[in-house]
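Visitor: Model the structure of this input:
(3 chains, ligands or ions: 1)
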Amino acid sequence: MGVIKKLPIYSEKLPGGGLVLTSLEAVINQAQAKSMWYLLFGTACCAIELMCTGASRYDFDRLGMIFRATPRQADLIIAAGTITKKMAPRLRRLYDQMAEPRRVIAMGGCTIKGGPFYYDSYSVEKGIDHIVPVDMYIPGCPPRPESLLEGCIHLQEKIKKQKLSDWQEK
Amino acid sequence: MTFDELKEYLAANFADDLTLLDTGRHEPVYEVKAEKLVTVCRRLREDETLKFDFFCNLGGVDTGERMEAVYSLASYSKKIRVDLKVILPHEKAEIDSVQEVWPAANWYERELWELYGVHVKNHGNLTRFLLPDDWDQGFPMRKDWDAPDFIRMPEL
Amino acid sequence: MADLRTEEFTVNMGPHHPSTHGVCRLVLTLNGEKIIKIEPVIGYLHRALEKICENRTYAQCIPIMDRFEYVTAMSCNYLFSNAAEKLAGIEVPERAEYLRVIMLELNRIASHLIFYGVTAMDIGALTPFLYGLRERELIIDLFEMTCGQRLTYNYIRVGGVSRDIPAEFEPKCREAIKIIREKLIDYEGLLNENPIWLVRNKGIGVLPPELGIAYGVSGPVLRASGVKYDIRKDDPYSIYDRFDFQIPTRENGDCYDRYLLRLDEIKQSLNIVEQALDALPEGDIKAKVSPNFKPPAGEVYSRVENSRGELGVYIQSDGGKKPLRVKMRGGSYNQLQVLPHIGTNCLVADLVAIFASLDVILPEVDR
Ligand code: SF4
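Guide: Below you'll find the predicted structure:
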C-alpha cells in the first residue's frame, strides 16, 4: 500500500476488499515519475559518471530508472557528454524516435553551454537546448552522481505537478 | 642504444638525407627533404641496427609562415626514438604518403589533410572523417582560420 | 537451393550503440551474419582539443588534457606536465615523483576495472559491471580525498603535484589494495572458467603480432599477442626504473588473452603502488614554476604507457607563454585502425566482443 498512501486519495475499507478513489492525474503522474527509463546516451566524460550512478554505490534503480539501449523504449534522454556538430543531428533523431511523454536532462557543462569547449573550439555545439527541448540542467564538469540523482528527483517532482490539461494542449 | 650513439650512427649512415636540427634537447629531431621522405623512411625501418618499426605519431604544425609535418618514430625492440621533420610551403603543401612503410600512417595522414590542408600524394582514401560530412569552412587547424561562430578566449 | 541469390547488405552500428564505448560508427557490410567489411567512421566526439590548447597557457592546458582521456586522466596530466618540464628544463621534487607514480598506477587499475565491467556487460553479463565499478569507487575515493575530483583531476601540474596527500590517504590506500587483491579472486572466479565467456572470447579476434606492429598498436593489446613492449620498461619515465615489477605477456592474442592480461596488469600495478607507498620520501611537492612560464623555443614528443597503450603528446613552443602546437596521440587511434583487419569474417556478435576487448575509447581517437 506504500504507493497508495502517497496519492491524494480517499480510500475506504469495505468488507471483502477495498476501494480507492483518486484522480486520474495523480495516478498517471505517479506512474510516469516512478518509471523513468533512460536512454543510455553517453558521449564523453560525463558518461563515466552516468555509469557510476547506475552501478553499485549510487544505485540508480531505486528511483525506478533503468537504462534502455533503444530510444523507442525510453522516456528520458540523459545527454551525458559533449555534443559536437557532427553528433547533433543524431541526438535530434534519437529524440524524434522516442514516444511521448519524453524528457531530456542536460548533464554537465558541455550540454548546457559548451562547457570547457565554449572558447576556441570549432566543432562543439554550444548547448543542446537549440537541438532538443531540455527539462533539467545539471551543472558540473562532470556532475557528481549525487547531483545527477538530485536532478532526477527534481524532475520527478516536476512530473508529479503536471496537469492533465497540459497534456491535452501538447 | 643511447641518444648519442644514435646520433653518431645516423651521422655516419644517413648523412646525406638527415640534417640534425638544433632544438636544445636530448632527443634528436632531423629534417628530411620532402622528395626523399619515403626512401629515408624505408631505410630507417629496414636498417638492422635501427629498426624503426613503430609509427608513433604524425602531427602537422602551422607556424604561420610554413607547414611542418613531424613524424615520431620508435622501435619495438631497440629502445630508441627519433623525430623527423619535413618542412613544407604554407600554400599548396604536398607530401608523399608513407603508408607503404607503416600502414599505421593512414589515419594520421588523412587527419593532416583534413585539418591542415596538406595534400597527401598516393594516399588512396583522402576523405573527411573528423569533421562533419558537410563541413565547408576550410582547414580549421590553420592559424589564420576563422569562422563566424568561432569564439576566441579573451585575454585575461 | 543452389541458385539462391544472396546479396550483401550494409548495416550501421552506431554512432549511438550501447557497445561502442562512446560514439563510434562502424559501417558493416554483411553477407548473412558474416562481416565482410568494416569501415569505422569517427569524429563524433571531435572537440578540437588541440586547437584549444594552442590558445591556452601551459598551466591552462592541463584541465583540457583531462578531457582528452578521461578514463585515465592522471596519465594525461602527467604526460603534459612531463612534456612541458622537458621543454622548460624543470626539475621535479622527489616526493612529487612518488605521488605521481602512485596516482598513475591507481588510475591504471581504475581503468582496467572499468574495462572488466564494461566488457562483460557488452557480452551480456551484468554482475561483473557491478563488481568492477564497486571496487573502482574505492580508488575514486582516494583521488577525491587528494584532489577533490572524481574524474577530471587536474592534479599533476607542471613542476609537481597540486597538493599533498592527506594523512588518512596511506591507510585507506593500503586497505583498498587489500580489498582489490581479495576481490580479484572473485573476478577471476566469475569469468575465467565461465563456459559462456570462453565460447565468446577464446580464439575470437586474433591479432597476429606482425599486424599489430605494422599498425602501431601498443599496450595490453599488443602484449596479449606476445610482444613484450611497455614504455615503463623500454623508455622509462618518471621513476619507474626504481620499482620491481613484471610486464605480463600472453601468447594467443585473442579476446580472452587480452582480458586475462589486464587482470595480470592490475596485480602488477598494485605491487607498484605498495612499493611506492613504502618508499614515499618527505619533502616538497612542487617546484617553483610561475603560472605564465615561457619555455624556450623548441619541441618535444613525450610518451607514457597508459592502460590503452602509448599515450603521447607533441608540443612545439615558439618561446611564448602559449604552445604553438599540441598534438595528442592515443593508443586507441591505432587499435581502431586495426579493427577492420581482425574483425572481418566473424559474426556481428563477435565484433562486439572484439571491440570491447580492444578497449577503445573514443575521446582518444577523436580528441
Ligand atoms: S561537462 Fe565536463 S565532464 Fe562532462 S562531458 Fe563536458 S567536459 Fe566532460
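Visitor: got the buried residues for the longest helix that chain C contains?
Guide: The helix spanning the most residues in chain C, taking DSSP state H as the definition, is helix C:94-123. Buried positions in helix C:94-123, judged by neighbour count with 16 or more other CB atoms under 10 Å in any protein chain shown: C:94-123. Glycine gets a C-beta too; all of them are placed from N, C-alpha and C.
Visitor: Which strands or helices does the next helix or strand after that helix pack on?
Guide: Heading C-terminal from helix C:94-123, the first helix or strand you meet, by DSSP states H and E, is helix C:127-147. Judged by 3 or more CB pairs under 8 Å, 6 or more residues apart in numbering or on different chains; DSSP states H and E, the packing partners of helix C:127-147 are helix A:45-54, helix C:94-123, helix C:169-191.
Visitor: Among the ones you listed, which comes closest to the ligand?
Guide: helix A:45-54 (3.1 Å; CB to the nearest ligand atom).
Visitor: do the closest one and chain C meet at all?
Guide: Yes - using CB under 8 Å from any CB of the partner chain, we find that helix A:45-54 touches chain C at A:45, A:47-49, A:51-52.
Visitor: Out of these, grab the one that's most surrounded.
Guide: Greatest neighbour count in the residues of helix A:45-54 next to chain C, by other CB atoms under 10 Å in any protein chain shown, goes to A:Cys45: 27 neighbours.
Visitor: can you give me the strands for the chain?
Guide: Defaulting to chain A. A:10-14, A:17-21, A:38-39, A:67-68, A:76-80, A:103-107, A:136-138 (DSSP state E).
Visitor: other chain: chain B
Guide: Under DSSP E, chain B gives strands at B:19-21, B:29-32, B:54-62, B:66-74, B:81-89, B:94-96, B:119-121.
Visitor: List the pairing partners of the last one within its sheet, with orientation.
Guide: What it means is strand B:119-121. Taking DSSP bridges as the criterion, strand B:119-121 pairs within the sheet with strand B:94-96 (parallel).
Visitor: which of the residues in the host helix or strand of C:Glu85 are buried?
Guide: Using DSSP H and E, C:Glu85 maps to helix C:73-88. The neighbour-count criterion (16+ other CB under 10 Å) identifies C:73-88 as the buried residues of helix C:73-88.
Visitor: Just grab the bridge partners of C:Thr29 for me.
Guide: C:Thr10, C:Lys37.
Visitor: could you give the angle of the longest helix of chain C to helix C:169-191?
Guide: 20 degrees (axes from the mean of the first three to the mean of the last three CA atoms, to 10 degrees).
Visitor: can you tell if helix C:94-123 touches chain A?
Guide: Yes - using CB under 8 Å from any CB, helix C:94-123 reaches chain A at C:114, C:117-118.
Visitor: Turn these into TSV, columns for pLDDT and distance to A:Leu40.
Guide: Formatted as TSV, those follow (pLDDT from 0 to 100; distance: CB to CB, whole Å):
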residue	pLDDT	distance to A:Leu40
C:Ile114	88	15
C:Gly117	87	14
C:Val118	86	12
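Visitor: residue of chain A with the smallest distance to chain C?
Guide: A:Ala55 (3.5 Å; CB to the nearest CB).
Visitor: Let me know how buried that residue is, in neighbour terms.
Guide: Around A:Ala55 there are 21 residues (other CB under 10 Å).
Visitor: now it, nearest residue through space, not along the chain?
Guide: Take A:Ala55 and drop its neighbours on the chain: the residue closest to it by CB to CB, 6 or more residues apart in numbering or on different chains is C:Leu133, 3.5 Å away.
Visitor: which residues pair with C:Arg25 across the strands?
Guide: The partner residues for C:Arg25, given DSSP bridges, come to C:Val41.
Visitor: Okay, it and C:Phe68: tell me how far apart.
Guide: 21 Å (CB to CB, to the nearest Å).
Visitor: Flag the shaky bits of the stretch 101-250 of chain C, pLDDT-wise.
Guide: Within the stretch 101-250 of chain C, no stretch has pLDDT under 70.
Visitor: what do you get for chain A?
Guide: A:1-14, A:18, A:167-170.
Visitor: Which parts of it are helices?
Guide: Along chain A, counting by DSSP H, helices occupy A:2-6, A:24-34, A:45-54, A:88-97, A:109-113, A:145-160, A:164-169.
Visitor: and those helices as TSV, adding distance to A:Tyr122?
Guide: Output for these, formatted as TSV (distance: least, CB to CB, whole Å):
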stretch	distance to A:Tyr122
helix A:2-6	50
helix A:24-34	40
helix A:45-54	20
helix A:88-97	14
helix A:109-113	15
helix A:145-160	29
helix A:164-169	40
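Visitor: closest to B:Val40 out of those?
Guide: Ranking the helices of chain A by proximity to B:Val40 (CB to CB) places helix A:45-54 first, at 40.5 Å.
Visitor: and that closest one, what other elements does it pack with?
Guide: Identification of packing neighbours for helix A:45-54 by 3+ CB pairs under 8 Å, 6+ apart yields strand A:76-80, strand A:103-107, helix A:145-160, helix C:94-123, helix C:127-147.
Visitor: What is the burial count for the residue of chain A found nearest chain B?
Guide: Relative to chain B, the nearest point of chain A is A:Tyr119 (3.8 Å; CB to the nearest CB). Neighbourhood size, A:Tyr119 [other CB under 10 Å]: 14.
Visitor: ok, now which ones touch the spatially closest residue to it that is not a sequence neighbour?
Guide: In space, not counting the residues next to it along the chain, A:Tyr119 is nearest to B:Met153; the distance is 3.8 Å by CB to CB, 6+ apart. For B:Met153, the contact set (CB atoms under 8 Å, 6 or more residues apart in numbering or on different chains) comprises A:119-120, C:55-56.
Visitor: Now do stretch B:64-74, average pLDDT.
Guide: Taken as a whole, stretch B:64-74 has a mean pLDDT of 86.
Visitor: tell me the mean pLDDT for stretch C:48-65?
Guide: Throughout stretch C:48-65, pLDDT has a mean value of 87.
Visitor: Alright, that wraps it up for me.
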